[in-house]
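Asks: Okay, sequence plus prediction incoming.
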Protein chains: 2
Amino acid sequence: MNAPVLPHLELINTGSELLLGRVLNTHQQWLCRRLADAGYHVARQTAVPDTAPDICQAVREALTRADLIVVTGGLGPTADDLTRPAIAELVGRPLREDPTVVAHLHTWYAARRRVPPPAVMVQAQVPEGAHVLPNAHGTAPGLWIEVRPNPHSPAGRPAVLIMLPGPPRELRPMFVEQVLPRMQRAFPLSTPFVCRTLRSTGVPESVMEARLAGPLGPLVARGLEVGYCARPGEVDVRLAARTADAAALVAGAAALVYREVGRHVYGEEDETLEAVVVGRLTARRRTLAVAESCTGGRLASRLTDVPGASAVFLGGFVTYSNELKQSLVGVRAATLAAHGAVSEPTAREMAEGARARTGADFALALTGIAGPGGGTPDKPVGTVFIALAAADGTEVQHHLNAFDRETFKHMTSQQALELLRQRLQG
Amino acid sequence: MNAPVLPHLELINTGSELLLGRVLNTHQQWLCRRLADAGYHVARQTAVPDTAPDICQAVREALTRADLIVVTGGLGPTADDLTRPAIAELVGRPLREDPTVVAHLHTWYAARRRVPPPAVMVQAQVPEGAHVLPNAHGTAPGLWIEVRPNPHSPAGRPAVLIMLPGPPRELRPMFVEQVLPRMQRAFPLSTPFVCRTLRSTGVPESVMEARLAGPLGPLVARGLEVGYCARPGEVDVRLAARTADAAALVAGAAALVYREVGRHVYGEEDETLEAVVVGRLTARRRTLAVAESCTGGRLASRLTDVPGASAVFLGGFVTYSNELKQSLVGVRAATLAAHGAVSEPTAREMAEGARARTGADFALALTGIAGPGGGTPDKPVGTVFIALAAADGTEVQHHLNAFDRETFKHMTSQQALELLRQRLQG
């Protein structure tokens, strides 16, 4: 196989708040993910403070290497928004007022019953020859500039410089609707590219790799790329190919993954486990309630992150104290005395009580020791019992989730969702 | 004032998963925040794939500019852990087996009743002359290398290269306990540096700036740096000074902020609003229950993120359906019929019912329209009622939180926590 011809692509994030550690750089992950899934490689990402010299130095260096440079942030109307004039000067393009942007600013403020403040009109200053990317969700347009000739490249290779506004709700639709299609026309991939991500839970990354290495081996020899990415409680399997038969190769690989570990694959691409569970409940017209102790509302909160969850999720109980385990969901005092709050019988009674008191078809109950305190030799920190009550009986699982508190809550809610998903399987 | 003499500091994150967008780069924020709060500036952050040429190119370029370079990731025992040998070769330091690391690896595996697999011993290969930073929480040590002479610097300026392991639970304690103290000895600040972050909720960033600009003006003229950082539902005010009287300047500024907007300042540095609320309830020996509709368990989950919350948080209800609002917390059918589920009377009855049925001193209830569906002209998406019931009566607030679903849930839970914090004020 020949190496694919791909544009050398770099990402530059501007913003002093990034280098002061006040905010997380979510643009990096979001943009890199979209670019990778479209078949492009990001060769480097750089964050610099929002001063003109820092921005120019980073862009100038990228222009020596890159065919395509995406710069985020600093396009707004305030004093620290310096990306547009800095780059205009760097590439020798004087700023000119763009009438379409002027019109957009007037329309934007008129819709909000305001006159545009004079300062905002600076956003209509566009480097000569730049293509304007209209911003449907904000005031600052994106910009696409062809740097041709490119005096910074040793070989004089032209480059494309794309500037995107910093707010994610403006950047993301602009990237998906305008930048990516334009990129795909300007930098078409030299070979077909297909990519598919299968999301699994309940199998550690090393076990997943060991189980798939053999079956996928022949496809890897034919050009399949396999990547694993583990997060607490889940492992993504990314299947990609850049070959003439990429679609068939990836489809064949996905079929193999489903055959080998399909029981543990809950979805693909950006699907979440909670959305899959809500979707299956909705399709079967079944309702759910929860009784949470150690997860303290985290399971309910994940379920209600899904738009439309109210059609199937009735609600439930956070029974953090032993008293509420008795009064709200009817755990018997004798059960607590004999087995303790973190026990198989307590989990069972919580789930059955929650189901009875809400009238739901299914009830999930969770009781455990989140830590850092509260562990005993018999029941160390991380001990968890998860019960699923249904019309045909109650099932209880026992896990040891010895993690920090936040990871513990996430893992435990993940296992509960997966227990229910397995029940709704097939 | 003279400009302070600070080391030029750069951060390099290695890892192909960063550039594929599979994981968020949390190291950037965490390390930049710690460095900034210790008075250092990070001039640039770069992420590169974990291939030896990419790592070397980024480190070589940084060596032309920087006094101090922190490199994360790629120190482990697997085939894609290339940072250590790549950098050793770049700076011309042959790898030698370090007996203290060999001993650590044997002890580490012995404690887990295992013999170290041969592959892991590669982590004991240390570039000649490097100082080993022991890893108490993992197998790969950190490394501190003085690059002296530094052939990559145009002026031959020496540099320090620090390599840290990728897993956050290994990197973070190593940075705080070993790297930062060593940095402070190697690169002492030329002037005192004091930094303090006050955390507020309930006041938009622009209002906060407008209220503080005047009062803080004279201190800014004397060298105070003021920074604002807004996240959904909160604004940090960062006060810093690099002057002989830095401590007095920052203390004076903090006193002014408390005087002007102290009612809205809930804590400092890394304190969370939920931890402050749990702390105040604990100090006053008061208990809390919740009844959540639109936040769907998010408020309970935030409260139970705080270790020790079980001393004051009894639990509560997620009453997502109207039926559960009636059966679990006693909202009257007539109230729902007359005013709807999203209304002042429903919120009031939810809070009072939750308080009565749990025996808590306080109960918070939240009902609203998270969206994207469910809005009406009268009650648009984002409409929220928050009630706080106590022995002396019930208070209800009305908000319009017109955000995406995730931000809506966070903002609404934030307002509920703040309502209770204000009640527990003074």
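Replies: Arrived safely. Since the structure is predicted, the reported quantities are computational estimates derived from the model, not experimental observations.
Asks: Would you mind confirming that residue A:96 is in contact with residue A:124?
Replies: No. Using C-beta atoms under 8 Å, residue A:96 is not in contact with residue A:124, being 9.2 Å away. C-betas here are computed from N, CA, C, even on glycine.
Asks: Which one of these two is surrounded by more residues?
Replies: Set residue A:96 next to residue A:124 and count neighbours by other C-beta atoms under 10 Å in any protein chain shown: residue A:124 wins out with 23 against 14.
Asks: Local confidence estimate at that one?
Replies: Reading off the confidence values, residue A:124 has pLDDT 96.
Asks: same check, this time on residue A:81
Replies: Looking at residue A:81, its pLDDT is 90.
Asks: what's residue A:189 sitting at in phi/psi?
Replies: Per-residue torsions, residue A:189: phi -70, psi 140 (degrees, to the nearest 10).
Asks: Count the neighbours of it for me.
Replies: Residues near residue A:189, counting by other C-beta under 10 Å: 16.
Asks: what sits against it?
Replies: A:4, A:6, A:39-40, A:242 (C-beta atoms under 8 Å, 6 or more residues apart in numbering or on different chains).
Asks: How much space separates it from residue A:249?
Replies: Noted for residue A:189: a distance of 15 Å to residue A:249, by C-beta to C-beta, to the nearest Å.
Asks: before we move on, what about residue A:79?
Replies: 52 Å.
Asks: between those two, which one's more packed in?
Replies: residue A:249 (23 against 8).
Asks: Please name the spatially closest residue to that one (chain neighbours excluded).
Replies: Computed as C-beta to C-beta, 6 or more residues apart in numbering or on different chains, the closest residue to residue A:249 that is not its neighbour in sequence is residue A:241, at 4.3 Å.
Asks: quick one: strands adjacent to the helix or strand bottoming out on mean pLDDT in chain A?
Replies: For chain A, counting by mean pLDDT, DSSP states H and E, strand A:225-231 ranks last in confidence among helices and strands (a mean of 88). Note on strand A:225-231: by DSSP bridges, its sheet partners are strand A:234-241 (antiparallel).
Asks: Residue A:324 is in contact with residue B:360, isn't it?
Replies: No. Residue A:324 is beyond contact range of residue B:360, at 9.4 Å (criterion: C-beta under 8 Å).
Asks: Get me the contact residues on the stretch 151-300 of chain A for chain B.
Replies: Counting by C-beta under 8 Å from any C-beta of the partner chain, the stretch 151-300 of chain A comes close to chain B at A:169, A:227, A:229, A:231, A:236, A:238, A:290, A:292-293, A:295-300.
Asks: Show me just the buried residues among those.
Replies: A:227, A:229, A:231, A:236, A:238, A:290, A:292-293, A:295-300 (16 or more other C-beta atoms under 10 Å in any protein chain shown).
Asks: Now do the helices in the stretch 1-150 of chain A.
Replies: A:16-19, A:26-37, A:52-65, A:83-90, A:99-111 (DSSP state H, counting those that start in this stretch).
Asks: could you give the angle of the third one to helix A:83-90?
Replies: By that I understand helix A:52-65. 60 degrees (axes from the mean of the first three to the mean of the last three C-alpha atoms, to 10 degrees).
Asks: and helix A:52-65, does that touch chain B?
Replies: Yes. Using C-beta under 8 Å from any C-beta, helix A:52-65 reaches chain B at A:54, A:58, A:61.
Asks: from those residues, which single one is nearest residue A:207?
Replies: residue A:58 (41.7 Å; C-beta to C-beta).
Asks: Any idea how many residues pack against the closest residue to that closest one other than its chain neighbours?
Replies: The shortest distance from residue A:58 to any residue other than its chain neighbours is 4.7 Å, reached at residue A:48 (C-beta to C-beta, 6+ apart). Neighbour count for residue A:48, taken as other C-beta under 10 Å: 26.
Asks: do the same with residue A:341
Replies: That count, for residue A:341 with other C-beta under 10 Å as the rule, works out to 23.
Asks: Kindly report the same for residue A:376.
Replies: When neighbours are counted by other C-beta under 10 Å, residue A:376 comes out with 11.
Asks: same question, residue A:72
Replies: Count around residue A:72 with other C-beta under 10 Å applied: 28.
Asks: Just list the residues touching residue A:101, thanks.
Replies: A:123-124, A:126, A:132, A:141.
Asks: now the strands for the stretch 101-250 of chain A?
Replies: For the stretch 101-250 of chain A, the strands defined by DSSP state E, counting those that start in this stretch occupy A:125-127, A:131-133, A:142-147, A:159-164, A:194-200, A:225-231, A:234-241.
Asks: any idea which of those is most buried?
Replies: strand A:159-164 (a mean of 25; mean count of other C-beta atoms under 10 Å in any protein chain shown).
Asks: isn't residue A:160 right up against residue A:67?
Replies: Yes. With contact defined as C-beta under 8 Å, residue A:160 counts as touching residue A:67 (7.0 Å).
Asks: Mutual contacts of these two, please.
Replies: In contact with both residue A:160 and residue A:67: no residue, using C-beta under 8 Å, 6+ apart.
Asks: ok so, going back, what's the offset of the least confident helix or strand of chain A from the middle of its chain?
Replies: 15 Å (C-alpha atoms, centre = their mean, to the nearest Å).
Asks: Could you check the angle it makes with helix A:26-37?
Replies: Going by the same axes, to 10 degrees, strand A:225-231 makes 150 degrees with helix A:26-37.
Asks: Touching strand A:225-231 from outside, list them.
Replies: With C-beta under 8 Å, 6+ apart, strand A:225-231 has contacts from A:204-205, A:208-209, A:212, A:216, A:220, A:235-242, A:253, B:17, B:20, B:22-23.
Asks: can you map out the helices along the stretch 201-350 of chain A?
Replies: Under DSSP H, counting those that start in this stretch, the stretch 201-350 of chain A gives helices at A:205-221, A:246-261, A:273-284, A:298-303, A:322-327, A:333-339, A:344-358.
Asks: about what we covered before: pretty sure the residue nearest to residue A:249 contacts residue A:224?
Replies: Yes. Using C-beta under 8 Å, residue A:241 makes contact with residue A:224 at a distance of 5.3 Å.
Asks: anything in contact with each of the two?
Replies: Joint contacts of residue A:241 and residue A:224 (C-beta under 8 Å, 6+ apart) are A:249-250, A:253.
Asks: Beta-bridge partners for the residue nearest to residue A:58, please?
Replies: Bridge pairing for residue A:48 - DSSP bridges - gives residue A:14.
Asks: check contacts around it.
Replies: Residue A:48 neighbours (C-beta under 8 Å, 6+ apart): A:12-14, A:19, A:54-55, A:57-58, B:43-44.
Asks: same check, this time on residue A:51
Replies: A:16, A:82.
Asks: Same check on the one 4 residues further on?
Replies: Neighbouring residues of residue A:55 by C-beta under 8 Å, 6+ apart: A:12, A:14, A:48, A:71, A:74, A:82-83, A:86-87.
Asks: Run a quick neighbour tally on the residue nearest to it when sequence neighbours are not counted.
Replies: Once flanking residues are discounted, residue A:55 sits nearest to residue A:86: 4.7 Å by C-beta to C-beta, 6+ apart. Per other C-beta under 10 Å, the neighbour tally for residue A:86 reads 21.
Asks: May I have the predicted confidence score for residue A:86?
Replies: Value for residue A:86, per-residue pLDDT: 96.
Asks: Quick check: it touching residue A:49?
Replies: No. Between residue A:86 and residue A:49 there is no contact under C-beta under 8 Å: 11.9 Å.
Asks: Could you list the low-confidence segments of chain A?
Replies: A:1-4, A:426 (pLDDT under 70).
Asks: care to break it down by domain?
Replies: Domain ranges of chain A: A:9-186, A:194-268, A:273-423, per automatic domain parsing.
Asks: deepest of those, which one?
Replies: domain A:273-423 (a mean of 21).
Asks: mind checking the end-to-end distance for that one?
Replies: Using C-alpha to C-alpha, to the nearest Å, the end-to-end distance of domain A:273-423 comes to 14 Å.
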